[in-house]
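*Asks:* Show me the folded form of this:
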Amino acid sequence: MPKIGYARVSSTGQSLEVQLDKLNQAGCDKIYHEKQSGKTAARPEFQKCMNYLREGDTLVITRLDRLARSVIHLSQVADRFQGESIDLVVIDQAIDTSTPTGRLMFNMLAAIAEFETDLRSERQLEGIAKAKEHGVKFGRPTKRTAQIDLEIYNKRKEGISIGLLAKEYDLGPATIYRILSDVFERISPETTKSSC
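*Replies:* Presented below is the predicted three-dimensional model:
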């Protein structure tokens with residue numbers, strides 16, 4: 001059964017030599033390799049490798065993180081391999097899905113990775129909630145002040161267009177309209193009182 005190797009490093013400064021040596025020692029008949037970030041979907045050699053694999057083939061990699069972009073991506077690859085009877089050998093993590101032990105190990109690692117991702121996400125949400133409780137504001141700092149709002153309102157009354165105001169104050173047109181509405185609401189009761 002053909003063994004197909006895939007090697008990847010994230011940056012041009014890193015060397016593929018170690019991975020290629022291991023894949024050659026594993027007896028790979030064909031090896032695809034590239035220097036691409038694992039997070040990007042545009043990995044041409046990875047796509048060629050995936051297109052080349054056929055039923056009965058074995059894909060050989062050095063580590064699981066060389067293969068998948070995320071836990072979800074890993075799960076998709078695993079589903080495809082299972083459906084098409086393609087085996088996976090991960091040299092450094094001693095996984096061989098042609099054996100029951102290897103399949104168990106692979107599924108456990110995928111489950112642990114998914115669990116870690118869920119935990120990280122939960123901790124992040126808890127951290128954000130706690131920070132908000134302590135008054136931490138997220139997002140870009142506001143460019144608005146009461147003085148700037150009034151300036152914008154007065155300039156608009158003088159006939160300056162929304163587009164020019166947006167450009168001058170580096171704000172979106174929707175924000176300019178919101179400022180005009182806010183200022184109008186703020187000063188209109190005062191205008192009503194003074195006219196009485």
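*Asks:* Low-confidence stretches in the protein?
*Replies:* Low-confidence segments of the chain (pLDDT under 70): 12-13, 38-41, 139-143, 189-196.
*Asks:* Tell me the secondary structure at the nearest residue to Leu150 once chain neighbours are set aside.
*Replies:* Closest residue to Leu150 apart from its sequence neighbours, by C-beta to C-beta, 6 or more residues apart in numbering: Val183 at 6.2 Å. Every C-beta, even on glycine, is put in place using the N, C-alpha and C of the backbone. Three-state assignment for Val183 (DSSP: H, G, I helix; E, B strand; the rest coil): helix.
*Asks:* okay, now Val183: neighbour count?
*Replies:* When neighbours are defined as other C-beta atoms under 10 Å, Val183 has 19 of them.
*Asks:* isn't it right next to Arg156, touching?
*Replies:* No. If you go by C-beta atoms under 8 Å, Val183 and Arg156 don't touch, sitting 9.1 Å apart.
*Asks:* returning to that earlier point: identify the residues contacting the residue nearest to Leu150.
*Replies:* By C-beta atoms under 8 Å, 6 or more residues apart in numbering, Val183 lies in contact with 149-150, 152-153.
*Asks:* can you pick the most crowded of those residues?
*Replies:* Among the contacts of Val183, the one with the most neighbours (other C-beta under 10 Å) is Ile152, at 23 neighbours.
*Asks:* Could you name the helices and strands sitting against the helix or strand hosting that residue?
*Replies:* Secondary-structure assignment from DSSP states H and E places Ile152 in helix 146-157. Packing partners of helix 146-157 (3 or more C-beta pairs under 8 Å, 6 or more residues apart in numbering; DSSP states H and E): helix 162-169, helix 173-195.
*Asks:* Please enumerate residues in contact with the first one?
*Replies:* Translated: helix 162-169. Contacting residues not belonging to helix 162-169 are listed as 143, 148, 152, 155-156, 171-173, 175-177 [C-beta under 8 Å, 6+ apart].
*Asks:* Before I go, just wanted to say thanks for your time.
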